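Colleague: Task: produce atomic coordinates for the following.
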Amino acid sequence: MDRTEVHPLSSAMRERVLQALQRIEREHNVTVLYACESGSRAWGFASTDSDYDVRFVYVEKPDWFVQVDTPRDVIERPLDDELDVSGWELRKTLGLLRKSNPTLLEWLDSPLVYRQEAAATAGLRALAETFYSPPAARNHYLSMARKNFRGYLQGDTVRFKKYFYVLRPLLAVRWIDQDRGRPPMTFEALLGTLDDPLLLAEIDELLALKRNADEASYGPRRPRLHAFINAELQREVPALPRTRQDSGLLDMYLRDTVARYA
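Modeller: Numbers count the residues shown, from 1 in each chain. Have a look, this model is predicted:
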């Protein structure tokens, strides 16, 4: 499958994102360490009119870390016609990484990277592996699937995109239960957890519809997918290993990164 088809990103939009990141650095006096695409374009099932969800990790200047009052640790830009940009400060990022936050882990696994400081990003990815917690990831994805299923897939007709908001986290749960390590971000890779040809064919058909329709497109309820989703939501929880790591590794990375990039 052509990755440029699955993960559409024009050179004009890439340049627009890079310019937005440079403005953020100037206006907030920070350094962007890593910036990627999140959401449907990175997952691999973008619609014709999907937004661009840009997420980034940034580091503040040293004085930011020695204030009595806790400063704001998120930078967000108002959503315009198609560009959504927001980022997390490095200390906040490392606190979430210690908890094996799946959203952050997905950012670090995105196939669409706008820019990165190579050494800083390599360090974050190494720490992500060290602090990865299968129970935390499983609970996150299963809770997401349940919430989206209840909220989006109960009618006789449903939006095409909402099936993927349930299927993707459920396939991530299967990935974890099959002891494959950290779930990958792309939907295509997660399909490797399935071996039912009829189910795969139906998902492929739905993918084609999703990619060639707009975000608001609806279609009829799909009994085969609903049966699969219900069965997955009722599966027993397996015993999973729990991890505990030394937070000193995070402290060391924070100090070194601030000294090098701030």
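
Colleague: Contact partners for the closest residue to A137 other than its chain neighbours?
Modeller: Computed as C-beta to C-beta, 6 or more residues apart in numbering, the closest residue to A137 that is not its neighbour in sequence is P102, at 5.1 Å. The C-beta positions use only the backbone N, C-alpha and C, and glycine is treated the same way. Neighbouring residues of P102 by C-beta atoms under 8 Å, 6 or more residues apart in numbering: 136-137, 140-141, 172, 183.

Colleague: go on, K161?
Modeller: 40, 45, 47, 210, 215, 217.

Colleague: So the residue lying farthest from the centre of the chain, which state does it fall into?
Modeller: Here the chain reaches farthest from its C-alpha mean at V68, the gap being 32.7 Å by C-alpha atoms, centre = their mean. Here V68 takes the coil state, with states given by DSSP: H, G, I helix; E, B strand; the rest coil.

Colleague: Now it: phi and psi?
Modeller: The phi/psi pair for V68 (degrees, to the nearest 10) reads phi -70, psi -50.

Colleague: cool, G44 as well?
Modeller: Per-residue torsions, G44: phi 100, psi 20 (degrees, to the nearest 10).

Colleague: and the gap between Y253 and T103?
Modeller: As for Y253, its distance to T103 is 19 Å (criterion: C-beta to C-beta, to the nearest Å).

Colleague: Those two: which has the busier surroundings?
Modeller: Comparing Y253 with T103 by other C-beta atoms under 10 Å, the one with more neighbours is Y253, at 18 against 11.

Colleague: re earlier: just the buried members of the contacts of K161?
Modeller: 40, 45, 47, 210 (16 or more other C-beta atoms under 10 Å).

Colleague: Next one: the second one relative to L153, how far apart?
Modeller: If you measure F45 against L153 using C-beta to C-beta, the figure is 16 Å.

Colleague: close enough to count as contact, R77 and I24?
Modeller: Yes. The pair R77 and I24 qualifies as a contact (C-beta atoms under 8 Å) at a distance of 7.3 Å.

Colleague: Pull up the overlap in contacts between these two.
Modeller: Common neighbours of R77 and I24 (C-beta under 8 Å, 6+ apart) are V85.

Colleague: Spatially nearest residue to the residue minimising distance to the centre of the chain, not counting backbone neighbours?
Modeller: Using C-alpha atoms, centre = their mean, the residue of the chain that lies closest to the mean C-alpha position is E106, 3.6 Å off. Spatial nearest neighbour of E106, excluding adjacent residues (C-beta to C-beta, 6+ apart): M185 at 4.7 Å.

Colleague: What helix or strand is F228 located in?
Modeller: Taking DSSP states H and E as the criterion, F228 maps to helix 223-233.

Colleague: Alpha carbons of that helix, in PDB - could you do that?
Modeller: The C-alpha coordinates for helix 223-233 follow below in PDB (Å, rounded to 0.1, in the frame of the first residue of the first chain):
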ATOM      1  CA  PRO A 223     -23.700  -6.200  11.800                       C
ATOM      2  CA  ARG A 224     -20.400  -8.100  11.300                       C
ATOM      3  CA  LEU A 225     -18.400  -5.200  12.800                       C
ATOM      4  CA  HIS A 226     -20.900  -4.800  15.700                       C
ATOM      5  CA  ALA A 227     -20.600  -8.500  16.500                       C
ATOM      6  CA  PHE A 228     -16.800  -8.300  16.500                       C
ATOM      7  CA  ILE A 229     -16.900  -5.100  18.700                       C
ATOM      8  CA  ASN A 230     -19.300  -6.700  21.200                       C
ATOM      9  CA  ALA A 231     -17.200  -9.800  21.500                       C
ATOM     10  CA  GLU A 232     -14.000  -7.900  22.000                       C
ATOM     11  CA  LEU A 233     -15.600  -5.700  24.700                       C
END
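
Colleague: Give me the lowest-pLDDT entry from the contacts of K161.
Modeller: Minimum pLDDT across these is recorded for E215, with 72.

Colleague: mind listing what that one touches?
Modeller: Neighbouring residues of E215 by C-beta under 8 Å, 6+ apart: 47, 49-50, 159, 161.

Colleague: Among the residues you listed, name the ones in strands.
Modeller: R159 (DSSP state E).
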